[in-house]
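Student: Dropping a prediction and its sequence here:
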Amino acid sequence: NEISVDLPQVALGMLETRASDSIYYSVTYDQKPVTGYQDLPRADAASTPVGTVRHFDAVYKGNAVRIAATTQAIYGKPLPVLVEVAETMNGRNAIQRQLLLALVALEAAIIATAAVLVWLAVRRGLAPLVDLGREIDTRQFGTGSSLDRLDLARIPLEAHPPVRAMNELFARLEVAIQVIRDFIADASHQMKTPLASLRGFIETLQSSAKRDPGARERFLPIMA
């Protein structure tokens with residue numbers, strides 16, 4: 001009327017780990033040890049449904065361990081048997097560090113790639129605007145293309161409104177410059193007639209003064 005465990009060597013081999021971890025196990029019935037490490041932290045068998053596996057963390061022999069606990073019904077016994085297997089966290093922590101390093105490296109690679117792609121995309125997207133700025137900077141009055149309209153076909157759609165406004169400004173400047181030119185031409189034409197008369201009068205005065213010394217005194221009041 002006792003519970004015994006016949007644990008073959010091959011079962012012990014299943015508990016081996018390739019990492020630098022230690023494996024502990026225990027089998028208990030009604031809080032009494034049957035086999036294994038008797039001081040291994042125990043789960044509450046009453047709160048663990050039969051046939052299910054429960055995991056929890058604990059400290060054993062000064063080391064953090066991860067424990068898997070399950071309960072199994074035994075023929076002829078009213079209570080289930082509690083089976084626990086504990087493993088230290090060295091290998092688990094090493095895998096966690098490797099995963100974190102891999103994720104950090106992957107994230108850094110993704111950020112670097114995204115930065116390069118964004119830089120290329122921004123550079124390509126702003127290239128027409130850079131060319132537009134360079135073209136505006138090179139324009140000077142006195143050149144044939146100083147007030148020529150900017151070509152909208154080479155400019156992104158987002159920049160069309162300010163470029164249209166600039167083209168309208170060029171058109172208004174061209175009209176203003178033409179008005180100034182017309183004014184200067186008209187003023188020059190209007191000034192030529194009195195200047196020509198004055199020049200002719202001076203020439204007449206000079207020629208008359210050579211023949212008649214008193215002619216200057218007679219003509220000066222007329223000029224005034």
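Tutor: Perfect, I can see it now.
Student: where's Gly91, which helix or strand?
Tutor: helix 90-138 (DSSP states H and E).
Student: Kindly report the same for Thr204.
Tutor: helix 160-211.
Student: Same question for His55.
Tutor: Going by DSSP H and E, His55 is in strand 53-60.
Student: how about the following helix or strand past that strand: buried residues?
Tutor: Next along the chain after strand 53-60, taking DSSP H and E as the criterion, comes strand 63-72. Within strand 63-72, the residues scored as buried using 16 or more other C-beta atoms under 10 Å are 65, 67, 69-71. Bear in mind the C-beta positions are built from the backbone N, C-alpha and C, glycine included.
Student: Check those residues against Pro8 and report the nearest one.
Tutor: Pro8 lies nearest to Thr70 out of those, by C-beta to C-beta, at 19.2 Å.
Student: pretty sure that closest one contacts Thr48?
Tutor: Yes: counting by C-beta atoms under 8 Å, Thr70 does reach Thr48; the two are 7.0 Å apart.
Student: any shared contact partners between those two?
Tutor: 54, 82 (C-beta atoms under 8 Å, 6 or more residues apart in numbering).
Student: before we move on, back to that, tell me the gap between the helix holding Thr204 and the middle of its chain.
Tutor: Centroid separation for helix 160-211 versus its chain: 58 Å, with C-alpha atoms, centre = their mean, to the nearest Å.
Student: now for that helix, which elements pack on it?
Tutor: helix 215-223 (3 or more C-beta pairs under 8 Å, 6 or more residues apart in numbering; DSSP states H and E).
Student: got any ranges where this structure has weak pLDDT?
Tutor: 1, 12-19, 139-146, 191-193, 195-196, 201, 205-224 (pLDDT under 70).
Student: For stretch 64-73, which outside residues touch it?
Tutor: Identification of contacts with stretch 64-73 by C-beta under 8 Å, 6+ apart yields 24, 40-43, 45, 48-59, 80-89, 92.
Student: ok, the buried residues of strand 63-72 vs Leu7, which is closest?
Tutor: Checking the buried residues of strand 63-72 one by one against Leu7 (C-beta to C-beta), the nearest turns out to be Thr70, at 15.7 Å.
Student: If the closest one is in a bridge, with which residues?
Tutor: Val53, Val83 (DSSP bridges).
Student: ok so, going back, and which of the buried residues of strand 63-72 is nearest Leu120?
Tutor: Distances from Leu120 to the buried residues of strand 63-72, taken by C-beta to C-beta, are shortest for Val65, at 51.3 Å.
Student: Excluding chain neighbours, what is closest to the closest one?
Tutor: Ala86 (4.3 Å; C-beta to C-beta, 6 or more residues apart in numbering).
Student: Now that neighbour, what are its backbone angles?
Tutor: Backbone geometry at Ala86, expressed as degrees, to the nearest 10, gives phi -120, psi 150.
Student: Distance-wise, check it relative to Pro161.
Tutor: 71 Å (C-beta to C-beta, to the nearest Å).
Student: now swap in Ser26 and tell me
Tutor: With the distance defined as C-beta to C-beta, Ser26 ends up 79 Å from Pro161.
Student: Between the two, which is the more surrounded one?
Tutor: Set side by side, Ser26 and Pro161 show more neighbours around Ser26, with 21 against 9, by other C-beta atoms under 10 Å.
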